[in-house]
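*Asks:* sequence first, then the predicted structure:
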Amino acid sequence: MLEKQTDYNKAVTSPTFQELLKRKRAFIVPMAIFFLTFYFLLPLLTAYFEFLNQPALGAITWAWIFAFAQFVMTWTLCIVYTRKAQQFDKLTEDFKKEIGGVGS
């Protein structure tokens, strides 16, 4: 039995695939920039500024609060991406049906 061959040139130019790429890029690029900026701010700020070494809550300094916020930010971005991925999965399924691929 012969399997239907997918025309990848046609698939990559399909409007559904282009919309999937556009939406993923619109979400992933800003989130990656935010994450990397937030992540590298702590070592940069502690290296060049003294205000993060000032007490915030008793003996806890602002650097510790910022470091803890990085954990919160990482988990939050993970949850947001997981929810957003469901939309990407729906677009992927639509695309697979459109081109007659596996799982359609």
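*Replies:* Sure thing, it's come through. Since this is a predicted model, take the numbers as computed values, not measurements.
*Asks:* which helices and strands does the lengthiest helix in the chain pack with?
*Replies:* Counting by DSSP state H, the longest helix found in the chain is helix 62-99. Counting contacts by 3 or more C-beta pairs under 8 Å, 6 or more residues apart in numbering; DSSP states H and E, helix 62-99 packs against helix 8-12, helix 15-48, strand 55-57. Backbone N, C-alpha and C define where each C-beta goes, glycine included.
*Asks:* excluding its backbone neighbours, what's nearest Ala11?
*Replies:* Ile99 (4.8 Å; C-beta to C-beta, 6 or more residues apart in numbering).
*Asks:* repeat for Asn53
*Replies:* Spatial nearest neighbour of Asn53, chain neighbours left out: Thr61 (5.5 Å); criterion: C-beta to C-beta, 6+ apart.
*Asks:* now swap in Ser14 and tell me
*Replies:* Counting by C-beta to C-beta, 6+ apart, Glu98 is the residue found nearest to Ser14 once chain neighbours are left out, at 6.0 Å.
*Asks:* relative to Gln18, how far out is the residue nearest to Ala11?
*Replies:* 13 Å (C-beta to C-beta, to the nearest Å).
*Asks:* who has more neighbours out of those two?
*Replies:* Each of Ile99 and Gln18 has its neighbours counted (other C-beta atoms under 10 Å); Ile99 has more, 18 against 12.
*Asks:* mind checking pLDDT for the residue nearest to Phe95 when sequence neighbours are not counted?
*Replies:* In this structure, Phe95 finds its nearest non-sequential neighbour in Thr16, 4.4 Å apart by C-beta to C-beta, 6+ apart. In this model, Thr16 is scored at 86, pLDDT.
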